[in-house]
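Need coordinates for the following:
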Amino acid sequence: MDMLGGLTASEFLREYWQKKPLVIRQAFPGFQCPVSPDELAGLACEEAVESRIIIEDDAGKPWQLHNGPFTPERFSELPEQDWTLLVQGLDHWVPDISELLEQFRFIPNWRLDDIMASYAPKGGSVGPHYDMYDVFLLQAQGHRRWTFGGQCDHTSPRVDGTPLRILSSWEGEETVTLEPGDMLYLPPGIGHYGIAEDDCITLSVGFRAPTIDDLLTGYTDYLCNQDGAAEHLDDPDLEVQDNPGTITSEVIDRLDRVIREQINDRRKLALWFGQFTTAPKSLDIVVPADEPATPEDFAEAIQAGEQLRWNEGSRFAYHELDNETALFVDGEQYLLKGDARPFAPLLCAGAHINMAELSEFSDDEALLGLLTTLYNQGSVYFE
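This is a model prediction of the structure:
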């Protein structure tokens with residue numbers, strides 16, 4: 001793939017993914033940023049958009065964080081340099097930014113987080129730090145000098161007096177300057193420090209991995225809402241004990257069986273994980289359609305050749321079960337059987353749905369109903 005510097009997707013995953021950094025010169029040749037600094041500032045003033053400003057020296061305090069939304073006047077109060085504006089989930093709000101994600105579909109949909117924009121005037125930075133997720137840093141405008149290298153974790157020394165995770169005694173192993181179209185891949189835990197050499201915008205394509213805590217709490221919460229969770233632990237074979245304070249091994253064995261019966265259900269685990277990983281990050285963008293459609297409307301639009309695509313903030317995934325396919329869209333599950341099963345991979349292959357293949361399902365009333373549901377809840381729309 002040209003985007004990976006001539007590496008195939010398999011070579012990149014095998015040699016670099018979660019292993020070591022990679023600098024890719026002109027991953028996107030001639031790249032022009034779809035958004036301007038003023039447009040990013042405008043987005044940062046919106047209530048629904050997650051934004052932050054980081055100032056390196058804020059009245060003598062190091063690396064201070066300010067959360068949006070901001071007023072337009074806030075930007076006129078900022079110093080000339082040494083600050084950064086971060087706009088999270090830019091792909092949710094700017095379709096041209098969302099299109100970039102189609103270049104990264106060699107990584108599963110459920111791993112994707114979002115695209116964050118970082119604007120900074122000369123000297124702007126968020127400080128030397130590390131993240132616990134994979135990220136591709138695409139230089140979109142201007143130039144940024146990156147120093148990176150060395151594995152970091154929670155034991156790495158940090159700067160005091162800042163809410164940010166700024167490394168205090170870190171030295172990188174390599175320094176490069178990226179220009180528009182260049183890209184840097186960083187695995188989790190790698191220290192990095194990017195400084196703007198002029199007015200610059202960097203787009204961070206981030207990929208998430210849930211923590212063990214996320215998995216345990218999320219799945220057990222899901223199990224607690226399943227049928228049978230309200231049943232009480234029984235002990236019809238209870239016997240008199242020598243000491244009433246003893247918790248016998250038989251009790252622990254019973255608990256072990258009850259818990260294993262719940263957590264060893266792969267079907268439940270798959271259905272929960274699909275819903276968990278496709279839950280939309282922003283509830284402000286996956287909103288119901290202004291004018292609800294009917295299945296008949298949908299059939300007409302498909303026959304007319306209109307292009308259907310995902311909402312920029314929606315998430316799609318699927319899982320093959322024994323006799324059915326589970327489709328997951330924005331935290332909801334839909335079980336497909338028989339001839340309808342290929343419908344799920346078709347919808348999940350990319351943001352722009354293959355309309356020629358979709359038309360083959362247009363005579364199926366149930367699938368038209370499902371498409372209509374997805375449209376009316378805001379998960380898909382016609383371009």
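
how about the helix or strand hosting residue 333: buried residues?
Counting by DSSP states H and E, the element that carries residue 333 is strand 332-336. Neighbour counts over strand 332-336 (16 or more other C-beta atoms under 10 Å) mark 333, 334, 336 as buried. In this view, the C-beta of every residue, glycine as well, is placed from N, C-alpha and C.

Let me see the contact set for the closest residue to the last one other than its chain neighbours.
Leaving aside its chain neighbours, residue 336 sits nearest to residue 325 (4.7 Å; criterion: C-beta to C-beta, 6 or more residues apart in numbering). Residues touching residue 325, when contacts are defined by C-beta atoms under 8 Å, 6 or more residues apart in numbering, comprise 318, 319, 335, 336, 337, 340, 341, 343, 344, 345.

The fifth one is in contact with residue 324, isn't it?
Yes. With contact defined as C-beta atoms under 8 Å, residue 337 and residue 324 form a contacting pair (4.7 Å).

which one's the longest helix in the chain?
helix 249-263 (DSSP state H).

and that helix, what other elements does it pack with?
helix 212-224 (3 or more C-beta pairs under 8 Å, 6 or more residues apart in numbering; DSSP states H and E).

And the helix it packs on, what's buried?
218, 219, 222, 223.

Could you do stretch 374-383 as well?
For stretch 374-383, a neighbour-count test (16+ other C-beta under 10 Å) marks 374, 375, 376, 377, 378, 379, 380 as buried.

Next one, pLDDT for residue 263 please.
pLDDT for residue 263: 88.

again, but for residue 285
If you check residue 285, the pLDDT there is 87.

Tell me where the stretch 1-150 of the chain has strands.
Here the stretch 1-150 of the chain has its strands, by DSSP state E, counting those that start in this stretch, at 22-24, 51-58, 61-67, 83-87, 112-120, 134-141, 144-151.

could you dump those to CSV with distance to residue 191, mean pLDDT and mean neighbour count?
Shown next, in CSV, are the strands of the stretch 1-150 of the chain (distance: least, C-beta to C-beta, whole Å; pLDDT from 0 to 100; neighbours: other C-beta atoms under 10 Å):
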stretch, distance to residue 191, mean pLDDT, mean neighbour count
strand 22-24, 16, 98, 19
strand 51-58, 17, 96, 19
strand 61-67, 15, 96, 15
strand 83-87, 18, 98, 24
strand 112-120, 17, 97, 24
strand 134-141, 13, 98, 23
strand 144-151, 5, 97, 18
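
So residue 245: helix, strand or coil?
Recorded secondary structure, residue 245: coil (DSSP: H, G, I helix; E, B strand; the rest coil).

Kind regards, and thank you for your time.
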